[in-house]
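Novice: Sequence and predicted structure are below.
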Amino acid sequence: MPSVYQLKPRFQALLRPVMRALAHEGWSPNAVTLLALAGSVVVGAAISQARARPVFYLLLPFWLFARMALNAIDGMMARELNLATRLGAVLNEAGDVLSDVALYLPLAFAARDALWPVVVFSIAAILTEFCGVLGAALNAGRRYEGPMGKSDRAFLAGALALITFAIPEALLWWPWIFSAASGLAVLTCWNRIHAIVSQA
């Protein structure tokens, strides 16, 4: 199914000079991964206060874009510079899940009427990544099927935060939007599991 993830090759091509510059300065893939996780925790803490300070909504789209760039850079470093390690693989997967939780759960504080839809969306995000990793564990390859993969979740959350900053009444839509997104995340889990079983 269509997914923002399909744009990744072009995104990586744009970031390759940045990746090489960071590697030249002595950065490792694991250091980039940990930077992405630390930034997500800090931004998530700020987002939890967005109800009182709406300007904090603007942090989310900015950081989600930066995080996607960092995630692409650490992967390219590992593959293209032969810096891949088992620890790096663990940090990469765990860091993605922890970053998602750190960024999305605080949205429940910003829109209390959407508390449970946001919580369910966050849990569904964890499950989609689990299903993706399950493919590698079963020799079917890491799965990235959509329609609500990591990049899609980032696009949705970033766009919603930007719209909400501009139109505060958009908070009324959050329960419906996050409920629908959770349904798409469940579909994503199904698509990944189906691909794993079919390939196996």
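Specialist: Cool, got the structure.
Novice: so where is the chain shaky, pLDDT-wise?
Specialist: When residues are selected by pLDDT under 70, those of the chain lie in 1-8, 200.
Novice: Who's the closest spatial neighbour of the residue nearest the centre of it, skipping the chain neighbours?
Specialist: Nearest to the mean C-alpha position of the chain, counting by C-alpha atoms, centre = their mean, stands Lys150 at 4.0 Å. Spatial nearest neighbour of Lys150, chain neighbours left out: Asp96 (6.3 Å); criterion: C-beta to C-beta, 6 or more residues apart in numbering. Every C-beta, even on glycine, is put in place using the N, C-alpha and C of the backbone.
Novice: And for the helix or strand that that neighbour is a member of, what's in contact with it?
Specialist: Asp96 is part of helix 86-104, with elements assigned from DSSP states H and E. Contacting residues not belonging to helix 86-104 are listed as 29-30, 33-34, 36-37, 40-41, 43-44, 47, 60, 63-64, 67, 71, 74-75, 78, 118, 121-122, 125-126, 129, 133, 150, 153, 157 [C-beta atoms under 8 Å, 6 or more residues apart in numbering].
Novice: and it, C-alpha only, in PDB?
Specialist: The C-alpha trace of helix 86-104 is given here as PDB (Å, rounded to 0.1, in the frame of the first residue of the first chain):
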ATOM      1  CA  ARG A  86      24.700  -5.900  16.600                       C
ATOM      2  CA  LEU A  87      24.400  -3.200  19.300                       C
ATOM      3  CA  GLY A  88      23.600  -0.700  16.600                       C
ATOM      4  CA  ALA A  89      20.800  -2.800  15.200                       C
ATOM      5  CA  VAL A  90      19.300  -3.100  18.700                       C
ATOM      6  CA  LEU A  91      19.600   0.600  19.400                       C
ATOM      7  CA  ASN A  92      18.100   1.400  16.000                       C
ATOM      8  CA  GLU A  93      14.900  -0.600  16.600                       C
ATOM      9  CA  ALA A  94      14.600   0.200  20.300                       C
ATOM     10  CA  GLY A  95      15.300   3.900  19.700                       C
ATOM     11  CA  ASP A  96      12.600   4.100  17.100                       C
ATOM     12  CA  VAL A  97      10.000   2.700  19.400                       C
ATOM     13  CA  LEU A  98      11.000   4.700  22.400                       C
ATOM     14  CA  SER A  99      11.100   7.900  20.300                       C
ATOM     15  CA  ASP A 100       7.600   7.200  19.100                       C
ATOM     16  CA  VAL A 101       6.300   6.800  22.600                       C
ATOM     17  CA  ALA A 102       8.200   9.900  23.800                       C
ATOM     18  CA  LEU A 103       6.700  12.000  21.100                       C
ATOM     19  CA  TYR A 104       3.200  10.700  20.700                       C
END
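Novice: mind listing what's buried in the helix ranked longest in the chain?
Specialist: Longest helix in the chain by number of residues (criterion: DSSP state H): helix 174-199. By 16 or more other C-beta atoms under 10 Å, the buried positions in helix 174-199 come out as 174-175, 177-178, 181-182, 184-185, 187-189, 191-193, 195-196.
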